[in-house]
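In: Sequence and predicted structure below; questions after.
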Amino acid sequence: MANLEVWLHKLMPMLRWWPMVTRSNLRADLIAGLTCTIILVPQAVAYASIAGLPPEYGLYSAIIPVIVSSLFGSSWHLFAGPTAALSIVIFATVSPLAEPGSSTYIQLVLTLTFMSGVMMLMMGLARLGFLINFISHSVVIGFTTGAATLIATSQLKNFFGVSAAASPSFVESLSRFAHQLPNTNLFVLSVGVVTLVAGIGTRRYLPKAPHMISAMVVGSVYAAGLQAVFGSGTSIPTVAAIPRSLPPLAMPELSLQALRDLGVIALALTMLGLTEAMAIARAIAVKSGQQIDSNQEFIGQGLGNIFGSFASGYASSGSFTRSSLNFVAGGKTPLAPVFAALFLLLTLLALAPLVRFLPIASMAAVLFMVAYSLIDLHHIRSILRTSRAESAVLLATLLATLFLHLEFAIYVGVLISLMVFLERTARPTLRNAVPAPGEGSYHFIPQTTEPDCCQLKMMFVDGAIYFGAVDHVQHRLRDIDRENPAHKHLLMLAPGINFVDSSGAELLAQEARRRKAMGGALYFHRLPQPVVQTLERAGHLAQIGSENLFSIGQDVIGAIYPKLDSNVCRTCTTRIFRQCQGALPNGQART
């Protein structure tokens with residue numbers, strides 16, 4: 001029965017939280033869902049515009065994908081749907097293949113969504129959730145900053161009311177806009193400015209009010225006033241009317257050519273979408289105290305995109321704004337996003353015609369606010385202050401986002417992150433050590449100003465000794481000989497050696513043989529048992545000698561001291577060990 005329950009929970013994860021659905025929690029979820037719907041409508045329309053799609057597709061993407069991902073994911077508060085980052089990736093990568101907004105373009109986007117969903121689902125079923133940990137926070141910060149810049153750049157022409165052909169290239173977009181800047185429509189520009197000021201003012205002075213909706217309402221009323229006073233000469237373009245209908249059924253194109261054209265893009269979209277979803281789910285879980293199942297979240301996001309692609313929804317992922325609002329508004333279970341999607345469906349059927357009064361300049365102003373909110377200045381400053389390596393990752397990802405094909409920006413960031421990670425792991429720390437002072441103390445401390453023993457070198461070793469680290473460790477061991485050839489004995493203080501592979505085991509055995517040939521030996525203090533087992537399985541433990549392995553609490557120096565050269569000790573003046581103050585290593589009294 002226990003196995004059956006586990007299997008059912010994996011198949012229908014909603015069974016885990018269904019007992020939480022009480023009357024009070026249901027009421028809280030309804031309120032949170034309604035609150036999220038208010039912010040969801042303008043966001044969905046804005047994100048569809050970023051993606052180069054008709055505005056209704058943003059609303060379609062916030063219905064079926066939200067319901068499915070909420071019911072089959074693991075987070076209680078994650079709110080999926082269209083996001084700014086995914087929208088800009090779609091526009092930048094698909095627009096070279098087809099004219100944005102055309103039927104071919106829409107078909108390619110839905111196919112891309114389906115492919116991305118399948119990849120997410122397969123990764124979840126294969127339990128590859130841990131892979132998302134290799135996409136560092138710096139990569140996400142760099143990418144979202146670059147994406148925000150691209151969003152703002154793409155909307156400059158709409159904000160200023162000029163006609164400039166769309167381009168996924170950052171430089172080309174700026175160039176085309178600059179050439180058209182003298183043709184600025186002042187009526188359109190004033191609508192954009194008024195909308196922007198209204199949004200910023202509402203967010204600052206009325207933080208509880210939905211600032212995006214407020215900005216759009218103010219901008220629309222202002223534009224209507226201009227048209228009433230100046231007539232059609234204002235030439236203020238508005239958003240196309242949204243059809244009042246349920247999301248239409250769609251069929252992704254699964255031809256070999258489409259799969260070949262979209263395969264690389266789908267992988268990048270998958271990585272970004274899962275990274276967004278997991279980062280947001282974990283951030284909210286820290287506050288809610290929930291434990292997130294990465295694999296289940298992969299499955300939920302995958303199913304959401306798969307089913308969404310058949311209901312005219314484009315790629316979706318977790319939204320930090322809506323997820324945070326869901327949590328703050330008091331949402332208790334994943335039913336809150338489900339209710340929001342149902343409220344949105346009612347809105348689509350009843351209020352869709354009102355969208356056609358929305359000026360495109362107001363949309364551009366709102367997207368400027370969205371772009372600004374994506375730039376995490378706090379974390380950027382923190383990364384730049386604390387780590388050169390992470391700063392390089394952030395800047396490289398940012399520049400790749402701006403100047404390369406957007407799908408490759410993620411790959412660049414991940415590749416550089418892995419290079420930084422490998423560079424760190426390939427350089428285990430070897431620190432000089434000395435015995436701790438005090439009678440009866442058998443542990444060691446880092447060396448500061450204390451002198452070395454003239455025969456025995458003691459070193460802390462922190463990190464894995466694997467094939468990538470062998471060269472670095474070997475060079476450091478050779479440095480010991482170069483600095484003092486008399487250091488024939490080496491004691492590795494090894495609790496920090498967390499892993500040794502076959503290459504590392506061979507290196508340690510080779511070092512033991514080399515020091516034995518020099519007349520010394522290699523010793524280990526507190527070597528972890530899994531590492532000892534690796535050495536034994538590899539056949540190298542006998543070469544090191546089990547008698548040279550010391551555990552915690554043993555008098556290590558007392559065991560090694562008799563093996564030192566008495567002739568060297570006779571003339572030594574440092575005498576850093578307690579044993580040095582009495583007899584020589586061979587037992588003779590000092591003269």
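Out: Received it, and whenever you're ready, just let me know what you need. Numbers count the residues shown, from 1 in each chain.

In: Longest helix in this protein, by number of residues?
Out: The longest helix of the chain (DSSP state H) is helix 256-288.

In: From the contact counts, what lies against the helix or strand following that helix?
Out: Per DSSP states H and E, the first helix or strand lying C-terminal to helix 256-288 is helix 294-309. Applying 3 or more Cβ pairs under 8 Å, 6 or more residues apart in numbering; DSSP states H and E, we find helix 294-309 packed against helix 64-72, helix 103-125, helix 256-288. From N, CA and C alone the C-beta is placed, and that goes for glycine too.

In: out of those helices, which comes closest to T234?
Out: helix 103-125 (29.9 Å; Cβ to Cβ).

In: before we move on, the earlier item: ranking the helices and strands packed on helix 294-309 by burial, who's on top?
Out: helix 64-72 (a mean of 26; mean count of other Cβ atoms under 10 Å).

In: Sheet-wise, list the partners of the next helix or strand after that one with their directions.
Out: With elements assigned by DSSP H and E, the helix or strand that comes after helix 64-72 is strand 80-81. According to DSSP bridges, strand 80-81 forms sheet pairs with strand 317-318 (antiparallel).

In: Identify the residues contacting the strand it pairs with?
Out: Strand 317-318 is contacted from outside by 78-80, 83, 85-86, 272-274, 276-281, 301, using Cβ atoms under 8 Å, 6 or more residues apart in numbering.

In: do the same with stretch 479-489
Out: 452, 454-457, 459, 490, 515, 518-521, 523, 560, 563-564, 568.

In: that older thread, from the contact counts, what lies against the longest helix of the chain?
Out: On the basis of 3+ Cβ pairs under 8 Å, 6+ apart, helix 256-288 makes packing contacts with helix 84-94, helix 103-125, helix 137-160, helix 294-309, strand 317-318, helix 320-328, helix 406-425.

In: What is the burial count for L399?
Out: Using other Cβ atoms under 10 Å, L399 has 15 neighbouring residues.

In: How about the contacts made by it?
Out: Per Cβ under 8 Å, 6+ apart, neighbours of L399: G146.

In: Same question for L402.
Out: L402 neighbours (Cβ under 8 Å, 6+ apart): 146, 149-150, 170.

In: about what we covered before: of all the helices and strands packed on helix 256-288, which one comes closest to C572?
Out: Across these, the minimum distance to C572, taken as Cβ to Cβ, is reached by helix 406-425, at 38.1 Å.

In: quick one: K287 from R322, how far?
Out: According to Cβ to Cβ, to the nearest Å, K287 and R322 sit 15 Å apart.

In: Averaged over its residues, which helix or strand of the protein has the lowest pLDDT?
Out: Across the helices and strands of the chain, mean confidence by mean pLDDT, DSSP states H and E is lowest for helix 2-11: a mean of 63.

In: ok, then the element right after it?
Out: Counting by DSSP H and E, the next helix or strand C-terminal to helix 2-11 is helix 14-17.

In: downstream neighbour of that next one in the secondary structure list?
Out: Defined by DSSP H and E, the subsequent element after helix 14-17 is helix 23-50.

In: So, low pLDDT: which residues of the protein?
Out: Regions of the chain meeting the criterion pLDDT under 70 cover residues 1-10, 166-168, 240-241, 283, 286, 355, 405-407, 440, 591.

In: Now stretch 174-193 - C-alpha only, PDB.
Out: Output in PDB follows, covering the C-alpha atoms of stretch 174-193 (Å, rounded to 0.1, in the frame of the first residue of the first chain):
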ATOM      1  CA  LEU A 174      19.200  51.100 -32.100                       C
ATOM      2  CA  SER A 175      20.600  52.100 -35.500                       C
ATOM      3  CA  ARG A 176      17.200  51.900 -37.200                       C
ATOM      4  CA  PHE A 177      15.500  53.800 -34.300                       C
ATOM      5  CA  ALA A 178      18.200  56.600 -34.400                       C
ATOM      6  CA  HIS A 179      17.700  57.100 -38.200                       C
ATOM      7  CA  GLN A 180      13.900  57.500 -37.600                       C
ATOM      8  CA  LEU A 181      14.200  59.700 -34.500                       C
ATOM      9  CA  PRO A 182      13.700  63.000 -36.300                       C
ATOM     10  CA  ASN A 183      10.200  61.700 -37.400                       C
ATOM     11  CA  THR A 184       9.000  61.400 -33.800                       C
ATOM     12  CA  ASN A 185       5.200  61.800 -33.400                       C
ATOM     13  CA  LEU A 186       4.900  64.200 -30.400                       C
ATOM     14  CA  PHE A 187       1.300  63.000 -29.700                       C
ATOM     15  CA  VAL A 188       2.400  59.400 -29.400                       C
ATOM     16  CA  LEU A 189       5.500  60.400 -27.300                       C
ATOM     17  CA  SER A 190       3.300  62.400 -24.900                       C
ATOM     18  CA  VAL A 191       1.000  59.300 -24.500                       C
ATOM     19  CA  GLY A 192       4.000  57.200 -23.700                       C
ATOM     20  CA  VAL A 193       5.400  59.700 -21.200                       C
END
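
In: How about that stretch, which residues are buried there?
Out: Within stretch 174-193, the residues that count as buried by 16 or more other Cβ atoms under 10 Å are 176-177, 180, 185, 187-188, 190-192.

In: who's in contact with it?
Out: So stretch 174-193 is contacted by 153, 156-165, 167, 219, 222-223, 226, 230, 234-237, 359, 361-362, 364-365 (Cβ under 8 Å, 6+ apart).

In: List only buried entries from these.
Out: Buried members of the contacts of stretch 174-193, counted by 16+ other Cβ under 10 Å: 153, 156-162, 164, 167, 219, 222-223, 226, 234, 236-237, 359, 361-362, 364-365.

In: before we move on, the earlier item: weed out the non-buried ones from the contacts of stretch 479-489.
Out: Of the contacts of stretch 479-489, these count as buried by 16+ other Cβ under 10 Å: 452, 454-457, 459, 490, 515, 520-521, 523, 560, 563-564.

In: how deep is F499 tucked in, by neighbour count?
Out: Neighbour count for F499, taken as other Cβ under 10 Å: 15.

In: give me every residue that touches I416.
Out: 392-393, 396-397.

In: Report the separation between it and L269.
Out: According to Cβ to Cβ, I416 stands 20 Å off from L269.

In: what is the orientation angle of the strand or helix carrying D479 with helix 406-425?
Out: Assigned by DSSP H and E, D479 belongs to helix 470-483. Using axes from the mean of the first three to the mean of the last three Cα atoms, to 10 degrees, the direction of helix 470-483 lies 40 degrees away from that of helix 406-425.

In: what comes up buried for helix 470-483?
Out: Residues of helix 470-483 classed as buried: 470, 472-473, 477, 480-481 (neighbour count, 16+ other Cβ under 10 Å).

In: Let me have those in JSON lines, adding distance to L430 as columns.
Out: Shown next, in JSON lines, are the buried residues of helix 470-483 (distance: Cβ to Cβ, whole Å):
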{"residue": "V470", "distance to L430": "13"}
{"residue": "H472", "distance to L430": "9"}
{"residue": "V473", "distance to L430": "7"}
{"residue": "L477", "distance to L430": "8"}
{"residue": "I480", "distance to L430": "9"}
{"residue": "D481", "distance to L430": "14"}
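
In: about what we covered before: mind listing which of the buried ones among the contacts of stretch 479-489 are in strands?
Out: Secondary structure from DSSP state E places 456-457, 459, 490, 523 of those in strands.

In: Out of those, the closest to F72 would be?
Out: The closest of these, once distances to F72 are taken by Cβ to Cβ, is M459, at 51.8 Å.
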